[in-house]
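**Student:** Sharing a model prediction with you, sequence too.
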Amino acid sequence: MTKNNYVKISLIDDSNEKGDIYLTGNFNGWKPADERYQMINVSDNQYFIDIPLTLIPDETLDYKYTRGDWHSVELNSSGKHTPNRKWAKGMPEPKDIVNQWLKDEDLNHTKYYPIIHDLSSKFNVPDPIKTRRISILLPWDYYSSTERYPIVYLQDGQNLFQDKSPYGNWHIDRKVARLSAQKDKRVIILAVDHTHENRLAEYTPPHVPDRAEAYGKEYIDFLKNYIIPYVDQNYRTIGNSKNTIIGGSSMGGLISLYAHLAFPDVFGKGLIFSPSLWLLPNLFDWLKSNSSDSLKTKTYIYCGGRESNEMVGQVVALYHGLRALNKENEITLKINSQGEHHESYWGEEFFQSMEFIL
């Protein structure tokens, strides 16, 4: 039973691990490190939290426990991922047990973590594009080497490497460390944050119907005309289109697709993860209207089978549309039948994609 319009959720952590525990679910958009829903530690391994009933959609709560991101989510006693926990109004208040937590294997490669610099102050940002954090991640041995490197320009920078990102984390710093440790491959990452309130406008490309604000072309012009020249001049990039990669997920995947197709002489390779193709009712016409005459490109397309009812069909249509436009480009399509629309899946796929894209 519930009291005072709250449901009390109790947890016993049997893992013998230390650290904060968070509740995440359909009440907070599945944010894995939402400080509002950090569990209260009442003894060594006992926790609780009160969730207002008004936050629970349709009086049914779907939830899980994490230690701050999806790479440290709860596991069952066999070390397997658990299905979402559920509670519905009228049921007894939950009293849960967590046996163990997911361990991130990339934490074994700390020696190879990239060197990160903030480049935000280096650019005078033109209107309508807004100032934001711009970070560069250099290979761990960059300053003891003379080598030149491929570079990947990634969107939604705040979801790429900072701890306790509100919507999850690609952990791109850990992925490039694993790439160095396991594959002996090096790459530079340029992570461009979005500006929250203008994200949709900046990531909306030209020729999208019913979008009143679309700064996608201006945003890509900012990358081409300001960021790339500075980076190529000040860092040891290889500096040609075959080694300049653009990528992103969701709306970031859509704007990356546009840049890759419209400017293949700049962005010769593309990582297109779970792109927001639902905005394009006539996909092939959009592809034709935004594509360069020459598409000698290399494209890696990915989506998860559990993202939406339409996503798989849309990326399959994208794959065939790109094939029809130019048979000289290289394209691979990866569908993870268990994949969800989430940063943890995109981060893992980034590592997998490097075998093809580099």
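**Tutor:** Structure received. Numbers count the residues shown, from 1 in each chain.
**Student:** wait, residue 255 sits on residue 205?
**Tutor:** Yes - taking CB atoms under 8 Å as the definition, residue 255 is a contact partner of residue 205 at 5.8 Å. C-beta coordinates here come from the backbone N, C-alpha and C atoms, glycine included.
**Student:** Name the residues contacting each of those two.
**Tutor:** residue 216 (CB atoms under 8 Å, 6 or more residues apart in numbering).
**Student:** pretty sure residue 230 contacts residue 121?
**Tutor:** No - when contacts are counted by CB under 8 Å, residue 230 is not listed as touching residue 121 (11.5 Å).
**Student:** what does the domain assignment say about this structure?
**Tutor:** Listed domain ranges for the chain are 6-101, 105-357 (source: automatic domain parsing).
**Student:** Pick out whichever of residue 230 and residue 121 has more residues nearby.
**Tutor:** Set side by side, residue 230 and residue 121 show more neighbours around residue 230, with 15 against 8, by other CB atoms under 10 Å.
**Student:** show me where pLDDT drops low in the stretch 151-300 of the chain?
**Tutor:** The stretch 151-300 of the chain contains residues with pLDDT under 70 at 164-167, 212, 294-295.
**Student:** which residues in it form helices?
**Tutor:** 172-183, 199-202, 216-222, 228-234, 251-262, 283-290 (DSSP state H, counting those that start in this stretch).
**Student:** of all those, which lies closest to residue 140?
**Tutor:** Proximity to residue 140, assessed across those by CB to CB, is greatest for helix 172-183 (6.1 Å).
**Student:** ranking the helices of the stretch 151-300 of the chain by burial, who's on top?
**Tutor:** Compared across the helices of the stretch 151-300 of the chain, helix 251-262 shows the largest average neighbour count, a mean of 26 (mean count of other CB atoms under 10 Å).
**Student:** Contacts made by that one with the rest, please.
**Tutor:** 154-156, 194, 199-200, 202-206, 216, 219-220, 223, 246-248, 266-267, 269-277, 279, 287, 290-292, 295, 297, 299, 318.
**Student:** cool, and stretch 43-54?
**Tutor:** Stretch 43-54 is contacted from outside by 2, 5-14, 16, 21, 23, 27, 37-42, 59, 61, 89, using CB under 8 Å, 6+ apart.
**Student:** again, but for stretch 105-115
**Tutor:** Residues outside stretch 105-115 that contact it (CB under 8 Å, 6+ apart) are 71, 137-140, 142-143, 171, 173-178, 180-182, 189.
**Student:** same thing but 10 Å
**Tutor:** Outside stretch 105-115, the residues that touch it by CB atoms under 10 Å, 6 or more residues apart in numbering are 71-72, 135-143, 161, 171-182, 186-189, 347-348, 351.
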